[in-house]
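Asks: What follows is a predicted structure for the sequence shown.
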Amino acid sequence: MSTTSFKRKRPGMKPRVIAESITDLATVSDMRDVERLTNSSQTTDAWIGLRSINERDIKEWHWSLPGEKYNPTECEPGCSPEWGTDPQTEPNNGGGNPENCVVIKASKWHDVHCPLKLKFICYNETGPKNYFVIDETKNWLQAQSYCRENHTDLVSGFTQINSTEFKAQDRPNERMWIGLFREIWSWSDEKNVSFRNWDPDSLEDEASKTCSMTKPNGQWSSDICTDEKPFYCYDDKVILIKENKTWDEALDYCRENYHDLVSITDSHQQKLVEKKAKMADTEFVWLGMRYTCTLDLWFWVSDRLVCYHNWAQEEKIEGCDRATAMKRDGKWYERREGESLNFICAL
């Protein structure tokens, strides 16, 4: 479970107007969030917190598959981007149109105009076969939508593209879409969430339509920011409990009185919880992560994936009775579950 809850506001408000009791316009992190908005009796278009950034700003590359990070500097040897150099070094954003989507040809990447109709490669998370070349020609958004409906997503990530199975799908004489795109949109709360769910038939980069909205079917489109529509807000507030309890007691307290012990899945939530931890009466505060000896791994009790961490660099403790606590400086530490500490609940 997340610390985020969505709230739908009445018509007659522009997307920049946010009530003081709400955190921000809604940020949508994955298909689960899409389903939550779609299942909330939505019958009209409604603003969300995604807005087009200035064309002069630096654009960032992202993978279509949520959770995959485009960070070549953290790659293992041999997994760097394979940008093409013929006739000129890519990416170059040339050709007279914005080139914000990527094709692969003869194992080399090229940035091209997203509305082009091309074949593409889908990725399957499960099953005996992971990669599928689709011989239908679609634009990049349509290809992404097709892969999400029939497989998992467009092929994404250095591990996938460098796999032997993927390379066996290569057709040296054809250009095919992969799941890499250059971002021209950002969230109003500055969260670094790359997930997108655009209507595959929506127009790309309409200059006058720089704010995004979710449609009744859950797909997104853009419109003029000064138009008045209903809108979705979110509230991810957490609360510091200045009572000293063991980890198990803290978990029971949060579940009985609020929602759960807090989970931290990105840098935005980290900053939110860190701010609360500075006001604690104890040096550490409990978080909702514990260790399991059976599986030899750390997990959030809210079932959120452990895809973000902020561990301190120090010697680890031994034994099975371990849970995670945050120090006032924001770093995470292993602590014995029987210690009595303040703790933070998710509302």
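Replies: Structure's in. What do you need? Numbering: from 1, shown residues only.
Asks: my guess is Asn217 meets Thr38, correct?
Replies: Yes. Using Cβ atoms under 8 Å, Asn217 makes contact with Thr38 at a distance of 7.0 Å. Every C-beta, even on glycine, is put in place using the N, C-alpha and C of the backbone.
Asks: what about those two, which has more around it?
Replies: Thr38 (16 against 9; other Cβ atoms under 10 Å).
Asks: That one reaches Gln219, doesn't it?
Replies: No. Thr38 is beyond contact range of Gln219, at 9.2 Å (criterion: Cβ under 8 Å).
Asks: for the protein, which spans come out with low pLDDT?
Replies: 1-23, 39-42, 54-58, 73-79, 86-88, 94-96, 202-207, 235-236 (pLDDT under 70).
Asks: Got the domain ranges for it?
Replies: Taking automatic domain parsing as the domain assignment, the ranges for the chain are 5-232, 238-346.
Asks: Which parts of the stretch 51-200 of the chain are strands?
Replies: Shown for the stretch 51-200 of the chain, the strands assigned by DSSP state E, counting those that start in this stretch span residues 61-63, 101-105, 108-112, 118-123, 131-138, 153-154, 176-182, 185-187.
Asks: elements contacting the last one?
Replies: Using 3 or more Cβ pairs under 8 Å, 6 or more residues apart in numbering; DSSP states H and E, the elements in contact with strand 185-187 are strand 46-52.
Asks: Name the residues that touch stretch 319-326?
Replies: Here stretch 319-326 makes contact (Cβ atoms under 8 Å, 6 or more residues apart in numbering) with 247, 273-274, 277, 284-293, 298, 332-339, 341, 344.
Asks: List the buried residues in stretch 316-330.
Replies: Neighbour counts over stretch 316-330 (16 or more other Cβ atoms under 10 Å) mark 321-327, 330 as buried.
Asks: picking that back up, same list (the strands of the stretch 51-200 of the chain) but as a markdown table, adding distance to Ser267.
Replies: As requested, the strands of the stretch 51-200 of the chain are exported to a markdown table (distance: least, Cβ to Cβ, whole Å):
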| stretch | distance to Ser267 |
| --- | --- |
| strand 61-63 | 16 |
| strand 101-105 | 26 |
| strand 108-112 | 28 |
| strand 118-123 | 26 |
| strand 131-138 | 32 |
| strand 153-154 | 23 |
| strand 176-182 | 22 |
| strand 185-187 | 13 |
